[in-house]
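give me a 3D structure for the following:
(one chain, ligands or ions: 1)
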Amino acid sequence: MKRLLMTACAAMLMAIAGGALAQASGTGEIEEKNIPIKVTEVAPGLFFQYHHEESNNAWLVTDAGVLVIDTRQHPRRAEELLAAIRKTTDKPVRWVINTHAHGDHYFGNSVFKREGATLIAHRDTAGMMQALYPLEQKRRQGYFKQRGFDPKEAVLVMPDITFDSALTLNIGGRSVELLYLGAGQNPGDTFVRFPKERVLFAGGPFSKNSWPNPSFTPSMANWVSLLNKLAAMDVDVYLGGHGDIGNKSDVLRQAKMLEDFDRGMREAVASGMSREEIFKTSPFAQYRDVRNYYRMNLFINSYHHFLTTGRPENAYP
Ligand SMILES: [Zn+2]
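Reported below is the predicted structural model:
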């Protein structure tokens, strides 16, 4: 790692709810809309791949090699990502960042490890990968089956380097900042800022016009606060783990959607409604056109669990 100039700041300890694995939420089948995969050069040498049905990626091409953000849901998909990168550069992939520990963002790690890349993640993302890998495998069986992918190929490949609160990479004359601001959607949620390019990859907590899975968050209030902090950053372009390219209004809209979800669920639980009764009311219908709304029954189940037990359904042990 001597070609890297890295600055690891002081550790930031997180209080994380403990406990055993809870029931998996969903099996990962995908509602297909046949929206084609789109690659956009959002700044010189900085590419964003938007895949509506699955998950997004970004990569930065530098003179010293390529940095990739997230690795997709299966090695087969990671090979396709590598092919997309190869259309933009023949430089080697030297660094990979895993923004959070959901399988659809890291199950392709083995492909980039084989390419010789150094894998980087927040300490809690690494911890979540280790602890929740069996759950992530379980959650994706439907997806693998639907696509004819062998689940056994999606092996656990852990990060080589972890960081606690911030890490700056100066690579090939470009600066890349990894930031940790506490748990949002997940313990370990990492933001990747390209300060000169005024671009932020916001991983799990932000997905433009897309319902995020709330079964991992230890604090919706912190998640909303994170989104407000992101919107206040000196950044113009927001790239989410899902959904198309966003701006500040999209980030604030997601914060509002989560606040509405949290408030609506708290009121329903306070009035004694069961999960089934809540779902029957067609809740949050104003967000019906938002991607992933078809999974609302699972989200209600998960958040009902959180509000009635005080622990995320898929807690970090
Ligand atoms: Zn995802």
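
shaky segments in the protein?
1-32 (pLDDT under 70).

so what's the closest residue to Phe144 other than its chain neighbours up against?
The shortest distance from Phe144 to any non-neighbouring residue, by C-beta to C-beta, 6 or more residues apart in numbering, is to Pro151 (4.7 Å). All C-beta atoms are positioned from the backbone trio N, CA, C, and that covers glycine. By C-beta atoms under 8 Å, 6 or more residues apart in numbering, the contact list for Pro151 reads Gln137, Arg140, Gln141, Phe144.

can you add neighbour count and give those back as JSON lines?
Shown next, in JSON lines, are the contacts of Pro151 (neighbours: other C-beta atoms under 10 Å):
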{"residue": "Gln137", "neighbour count": "19"}
{"residue": "Arg140", "neighbour count": "26"}
{"residue": "Gln141", "neighbour count": "14"}
{"residue": "Phe144", "neighbour count": "22"}
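
show me those residues that map onto helices.
Here DSSP state H is the test, and those give Gln137, Gln141, Phe144 as lying in helices.

closest one of those residues to Asn109?
Gln137 (13.7 Å; C-beta to C-beta).

please report how far that closest one lies from Val176.
Plainly put, Gln137 is 30 Å away from Val176 if you go by C-beta to C-beta, to the nearest Å.

and the longest helix seen in the chain, which residues are buried?
If you go by DSSP H, the chain has its longest helix at helix 248-270. Within helix 248-270, the residues that count as buried by 16 or more other C-beta atoms under 10 Å are 250-251, 253-255, 257-258, 261-262, 264-265, 268-269.

same check on stretch 287-299?
Buried residues in stretch 287-299, counting neighbours by 16+ other C-beta under 10 Å, are found at Tyr287, Val290, Arg291, Asn292, Arg295, Met296, Leu298, Phe299.

gap between the two ends of it?
End-to-end distance for stretch 287-299: 13 Å, by C-alpha to C-alpha, to the nearest Å.

now do the helices in this protein.
75-86, 103-106, 109-114, 123-139, 141-147, 220-231, 248-270, 275-280, 296-309.
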